[in-house]
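Peer 1: sequence first, then the predicted structure:
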Amino acid sequence: MSKLADKVAIVTGSGRGIGKAIAAALQSEGAKIVISDINEEACKETSEELSKSGEVIAVACNVTDTASIEKMVAAVMEKWGRIDVLVNNAGITRDDLFMRMSEDKWQAVIDTNLTSAFKVTKPVLKVMSKQRSGRIVNIASTTGVHGNFGQCNYAAAKAGLIGFTKTIALEYASRQITSNAVAPGFIDTPMTAALGEENIKKYLERIPLGRMGTPEDIAAAVVFFAAYAPYVTGTVLEVNGGLYT
Ligand code: NAP
């Protein structure tokens, strides 16, 4: 079944990790895919890989830069003339305990993980509003719901993203545009590989399902919101293997 046939989906930060798995999963539902990432090489490689199974374009884009975002949206509109799904996935970590947290680390995470969603969603919602349809899916984090040691910047950004998600849901419901968030727990990607073996072991001890999540676990939740949930809006779905139940 191709639930997303003829639909166009943009996934930010989709050169690797969770974003790449989301792009592949949306493609398997029939969507045309926009691979977008600050890392031009990853962007190109992933789009070449996915173009074997469907229509894909690669548009390098820095989600903190309004001009770069406008260029991306213009490129998508020129190619396909519509946008049906936006996944605000690009994100970074700059961890430190609050007492050592620098303003630079704070601001980088707020800019990349929160203000980016405001900047990318703005031009996309103009398009979706005219279409009177659309799906926004924001990739938050369990940290944004529960907090986490060493991540006050990341927790604040992801909590802000959840508030943003719920407000967009209210403001755009009359146009049949839904806005939801997926909050991943501890997922096996280059982002978490950077934590090192010892830290990974400690996290694993706290996860009832006994394993890290996979990017595909997160992608399945995104596909649910994008393709199977027309009556679900303003919600946050935690995908965390039972952590924090
Ligand atoms: P990842 O492996 O680091 O991939 C993120 C991708 O986004 C990278 O390709 C990265 O490019 C790109 N990116 C970084 N800054 C960008 C910018 N300004 N503009 C456009 N692209 C940018 O991370 P991930 O683990 O897949 O995480 C994806 C999302 O899930 C993030 O929002 C993250 O906060 C969230 N999340 C992850 C976990 C987890 O356990 N992994 C848990 C909860 C939430 P570079 O390679 O150049 O950095």
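Peer 2: Cool, the structure landed. Numbering: from 1, shown residues only.
Peer 1: how about the residues of this structure by the ligand?
Peer 2: For the chain, the residues in contact with the ligand (Cβ under 6 Å from any ligand atom) are 12-13, 15-19, 37-39, 42, 61-64, 89-92, 112-113, 139, 141, 184, 186-187, 189-192. Backbone N, C-alpha and C define where each C-beta goes, glycine included.
Peer 1: ok, now with 5 Å
Peer 2: Within the chain, the positions near the ligand by Cβ under 5 Å from any ligand atom are 13, 15-18, 37-39, 62-64, 89-91, 112, 139, 141, 184, 187, 189-192.
Peer 1: residue nearest the centroid of this structure?
Peer 2: Asn89 (2.0 Å; Cα atoms, centre = their mean).
Peer 1: what sits against the nearest residue to Thr12 once chain neighbours are set aside?
Peer 2: Distance criterion Cβ to Cβ, 6 or more residues apart in numbering; nearest residue to Thr12, sequence neighbours excluded, is Ala90 at 4.1 Å. Counting by Cβ atoms under 8 Å, 6 or more residues apart in numbering, Ala90 touches Thr12, Gly13, Gly19, Ser36, Asp37, Ile38, Val63, Thr112, Ser116.
Peer 1: and the lengthiest helix in the chain, how far out from the chain middle?
Peer 2: Counting by DSSP state H, the longest helix found in the chain is helix 152-172. Distance, stretch centre to chain centre, for helix 152-172: 12 Å (Cα atoms, centre = their mean, to the nearest Å).
Peer 1: ok, stretch 81-99 next?
Peer 2: 6 Å.
Peer 1: strands of this structure, start to end?
Peer 2: For the chain, the strands defined by DSSP state E occupy 8-12, 32-36, 56-58, 85-88, 134-139, 177-184, 236-239.
Peer 1: any chance of CSV for the ones you listed, columns mean pLDDT and distance to Ile218?
Peer 2: Below are the strands of the chain laid out as CSV (pLDDT from 0 to 100; distance: least, Cβ to Cβ, whole Å):
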stretch, mean pLDDT, distance to Ile218
strand 8-12, 99, 11
strand 32-36, 98, 16
strand 56-58, 98, 20
strand 85-88, 99, 10
strand 134-139, 99, 7
strand 177-184, 99, 5
strand 236-239, 98, 6
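Peer 1: a markdown table for those strands, including mean neighbour count?
Peer 2: Output for these, formatted as a markdown table (neighbours: other Cβ atoms under 10 Å):
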| stretch | mean neighbour count |
| --- | --- |
| strand 8-12 | 28 |
| strand 32-36 | 28 |
| strand 56-58 | 20 |
| strand 85-88 | 29 |
| strand 134-139 | 26 |
| strand 177-184 | 25 |
| strand 236-239 | 18 |
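Peer 1: brilliant, that's me finished.
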